[in-house]
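Novice: this one's sequence-less:
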């Protein structure tokens, strides 16, 4: 008797939910919005970030290197059509990379910390720069 | 059939017997060998001492290797953000923070101040640091600290030439117009792909040319740069961000 009551109660609850859902669905589908409440807007697509036309990496030496050699060779990669301008505190050099983009330049360091600036300029005038500090020291510590 | 089975059993028994015998003889031989190799007491003592020495040496090597792996020489330039009697914090040229420890062995030097020391280091000052970097603590124990007077290095395009005052206006990518004074001592260079980097002069500099300037701010006119080196690149394209200017001036006078 109790189990029958329970089953009947469940059926009743389920039927009630079904009816409520159908009524809600019908109400939503027949609902109209007045035209003055509708606002149109355009989604502005963000303009894509321009792809850099030139890149520059320094493979060796690592930034903040301390060396006991006055002469240092800086090498790395850039765009094959780029021109690499190298400025140190006392010297300037300009090199063109190989067809694969590899470049190499030898500089003479001054005593102490040397700030080296490398700028790669592409054929269309775009540029990218990197700075490293190389220290020449023969001090033993 | 019976005979065949009997033969098989005999063969297997023989093989098993051989295996057992072989195993036993190996065990006996091995134990006999162990028994007949006496280890003198004195040798055992000396080998223990040697082992102890090896252990000590290994520990020392491991300690040295760990120290070498952990500490390395490092040199950098940066702008001081904070300083005390024993510590300096700065931002290096690539924008990274650096923590520096100073002790009684740290040497200080400055071109403008012979008695330059830790008390002279102030926020905003540019210094060069050479020391021992500890990878574990990420701190540098400074051995040498120098006050730096770095030149300004920038590039751009020539947008105006003042022939009378030897001032060239260089417009940068950021749209800044920087007046650059070409002094008598300015080293002027020109670069072409065919000719390479060669000596040049004020008269050879043209409007809309890409240039690279190395110099210092003029103490009398902070907006003006006194060029120490000036390189122009007739072959290289100017940045597309810099507008092309039309010439309104007569040709430059040779310097």
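Specialist: Yep, it's here. These numbers come from a predicted model, not from an experiment.

Novice: residues in chain A within reach of chain B, list them.
Specialist: Neighbours of chain B within chain A, by CB under 8 Å from any CB of the partner chain: A:63-66, A:83, A:85, A:87, A:89, A:92-94, A:96, A:112-113, A:115, A:117, A:119, A:121-127, A:131, A:133-135, A:137, A:139, A:141. Glycine gets a C-beta too; all of them are placed from N, C-alpha and C.

Novice: so which of those residues are in strands?
Specialist: A:65-66, A:83, A:85, A:87, A:92-94, A:112-113, A:115, A:117, A:119, A:121, A:127, A:131, A:133-135 (DSSP state E).

Novice: just the buried members of the residues of chain A next to chain B?
Specialist: With neighbours counted by 16 or more other CB atoms under 10 Å in any protein chain shown, these contain buried members at A:63-66, A:83, A:85, A:87, A:89, A:92-94, A:112-113, A:115, A:117, A:119, A:121-122, A:125-127, A:131, A:133-135, A:137.

Novice: below-threshold pLDDT in the chain: ranges please.
Specialist: Picking chain A for this. For chain A, applying pLDDT under 70 flags the ranges A:1, A:33, A:35-51.

Novice: let me rephrase: I mean chain B.
Specialist: Applying pLDDT under 70 to chain B flags the ranges B:1-44, B:63, B:65-69, B:248-255.

Novice: tell me, what residue is most central in it?
Specialist: residue B:74 (7.1 Å; CA atoms, centre = their mean).

Novice: show me what contacts the nearest residue to that one once chain neighbours are set aside?
Specialist: Sequence neighbours aside, residue B:133 is the residue nearest to residue B:74 in space, at 3.9 Å (criterion: CB to CB, 6 or more residues apart in numbering or on different chains). Taking CB atoms under 8 Å, 6 or more residues apart in numbering or on different chains as the contact definition, residue B:133 lies against B:71-74, B:139-140.

Novice: which helix or strand contains residue B:133?
Specialist: strand B:126-134 (DSSP states H and E).

Novice: just list whatever residues bridge to the one residue in chain A that gets nearest to chain B.
Specialist: Nearest residue of chain A to chain B: residue A:135, at 2.8 Å (CB to the nearest CB). Residues in a beta bridge with residue A:135, per DSSP bridges, are residue A:66, residue A:113.

Novice: what count of nearby residues applies to the residue in chain B that chain A sits nearest to?
Specialist: Residue nearest to chain A within chain B (CB to the nearest CB): residue B:75, separated by 2.8 Å. For residue B:75, the neighbour count with other CB atoms under 10 Å in any protein chain shown is 25.

Novice: is it in a helix, a strand, or coil?
Specialist: Taking DSSP: H, G, I helix; E, B strand; the rest coil as the rule, one finds residue B:75 in the strand state.

Novice: for it, give me its contacts.
Specialist: Neighbours of residue B:75 in contact, by CB under 8 Å, 6+ apart: A:64-66, A:112-113, A:133-135, A:137, B:128-131.

Novice: and the residues you listed, which is closest to residue B:96?
Specialist: Closest approach between the contacts of residue B:75 and residue B:96, by CB to CB: residue A:64, at 9.6 Å.

Novice: wouldn't the closest one be in contact with residue B:72 here?
Specialist: No. Residue A:64 lies out of contact with residue B:72 (CB atoms under 8 Å); the separation is 9.5 Å.

Novice: and the strands in the stretch 101-250 of chain B, which stretches?
Specialist: B:107-109, B:126-134, B:139-147, B:152-162, B:167-171, B:177-192, B:196-199, B:210-217, B:225-233 (DSSP state E, counting those that start in this stretch).
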